[in-house]
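Engineer: Predicted coordinates and the sequence they were generated for:
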Amino acid sequence: MLHLAKNIPRARGLAPDPPSAQQTLEKRVADLNARYRHHSATAVMQGALQETGNIALVSSFGAESVVLLHMAAVIDPATPVLFVDTELLFTETLVYQQEVSERLGLRNLHIIRAKDIAEKDPYGALRFSDTDACCALRKTAPLQNALEGYDGWITGRKRFQAGSRAALDFFEIEDTENGPTGRIKINPLAHWAPEDVRVYMDENRLPRHPLVAKGYPSIGCAPCTSPVQEGEDPRAGRWRNQSKEECGIHVVDGQFIRTGANS
């Protein structure tokens, strides 16, 4: 009987094992970051839409969302825009979403809603006992379902918004608590400061979310968002007095962010 030897070192001259899908993706992201390191947000946005496959823009239609929505409308108004309606949003956000979409001529808007809210949170009380579960039910899970089939998605995250975003790159591999998804996340505004956002909106005469003037620099669901006082972190009004900074859509190293906004 022929016995096959095990664990024999690879002979010299033989081709190495092909890179895994994860390694290929890591190299692609590293190459993109190196290529666009000194480029503008608009160039990153254009490169993302034209060179990285089937890409969607995920927008909350919040305080600064109109910047990326405007860039997408100028580059390609048929860009898929995914808007998650948690059914706990401010009325002002829903009205603003309609007005901005019409004004910018967005032709491919998808309004995403969870299908099992009536079953899992019939009285809307889950947020009182478990905010993470509420976010997962109403926002994270439906968005992940909606992103199936896309190669990547565009976010409006910026380094200045929180300590957990201080080293944010233009391109990154999407991670979840269950591991990488194989998609790329693109952050065209990663290096922008608040003044950059203001100038862009002024120069392009873009409409402001009505709640910004009332002290809401970061806007999420109505029950979990409060006004921010002068000198506070822009996201201090999100889940105030809780050790929670992200809704779960954005994960670092497979973990939800737990660092308080003011720590």
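Structural biologist: That came through, no problem. All of these numbers come straight from a predicted model, not from anything done at the bench. Numbers count the residues shown, from 1 in each chain.

Engineer: all contacts plus neighbour counts: C-alpha atoms, from now on.
Structural biologist: Fine.

Engineer: Just name the shakiest helix or strand of the protein by mean pLDDT.
Structural biologist: Each helix and strand of the chain was given a mean pLDDT (mean pLDDT, DSSP states H and E); the minimum falls on strand 255-256 at a mean of 42.

Engineer: sec struct for Leu32, please.
Structural biologist: The three-state label given to Leu32 by DSSP: H, G, I helix; E, B strand; the rest coil is helix.

Engineer: And the helices in this protein?
Structural biologist: Per DSSP state H, the chain has helices spanning 21-36, 41-51, 65-75, 91-104, 117-120, 126-129, 131-135, 141-146, 194-203. These are given in chain order.

Engineer: Show me the contact partners of the longest one.
Structural biologist: Under the criterion Cα atoms under 8 Å, 6 or more residues apart in numbering, residues Ala43, Val44, Asp169, Phe170, Phe171, Glu172, Ile173, Gly182, Ile184 lie in contact with helix 21-36.

Engineer: Quick check: the gap between the first one and Gly156.
Structural biologist: Look at Ala43 and Gly156: by Cα to Cα, to the nearest Å, they are 15 Å apart.

Engineer: neighbour-wise, which of those two wins?
Structural biologist: The residue with more neighbours, out of Ala43 and Gly156, is Gly156; 20 against 14, by other Cα atoms under 10 Å.

Engineer: Which residues lie in contact with the more buried one in this structure?
Structural biologist: With Cα under 8 Å, 6+ apart as the criterion, the residues that contact Gly156 are Ser59, Glu64, Ser65, Leu68, Asn187, Pro188, Leu189, Ala190.

Engineer: run the last query once more with 10 Å
Structural biologist: Contacts were defined as Cα atoms under 10 Å, 6 or more residues apart in numbering; by that measure Gly156 touches 57-60, 62, 64-69, 186-190.

Engineer: just the strands in the stretch 101-250 of the chain please.
Structural biologist: Using DSSP state E, counting those that start in this stretch, the strands found in the stretch 101-250 of the chain span residues 109-112, 152-154, 171-176, 179-186.

Engineer: pLDDT below threshold where in this protein?
Structural biologist: Counting by pLDDT under 70, the chain has low-confidence residues at 1-16, 160-167, 242-263.

Engineer: Could you pick out the buried ones from the contacts of Gly156?
Structural biologist: Buried residues within the contacts of Gly156, defined by neighbour count using 16 or more other Cα atoms under 10 Å: 57-60, 62, 64-69, 186-190.

Engineer: Pro207: which of those residues is nearest?
Structural biologist: Pro207 has its nearest neighbour among the buried ones among the contacts of Gly156 in Val66, at 7.6 Å by Cα to Cα.

Engineer: wait, the closest one sits on Val58?
Structural biologist: No. With contact defined as Cα atoms under 10 Å, Val66 does not reach Val58; the gap is 11.7 Å.

Engineer: Compute the number of surrounding residues for His23.
Structural biologist: Wrong residue type there; residue 23 is Gln, not His. Residue crowding around Gln23 was assessed by other Cα under 10 Å; the count is 11.

Engineer: ok so, going back, among the strands of the stretch 101-250 of the chain, which is the most enclosed?
Structural biologist: Each of the strands of the stretch 101-250 of the chain was scored by mean neighbour count; the highest is strand 152-154, a mean of 24, by mean count of other Cα atoms under 10 Å.

Engineer: Which strands and helices lie in contact with that one?
Structural biologist: Other elements packing on strand 152-154 under the criterion 3 or more Cα pairs under 10 Å, 6 or more residues apart in numbering; DSSP states H and E are helix 41-51, strand 55-58, strand 81-84, strand 171-176, strand 179-186.
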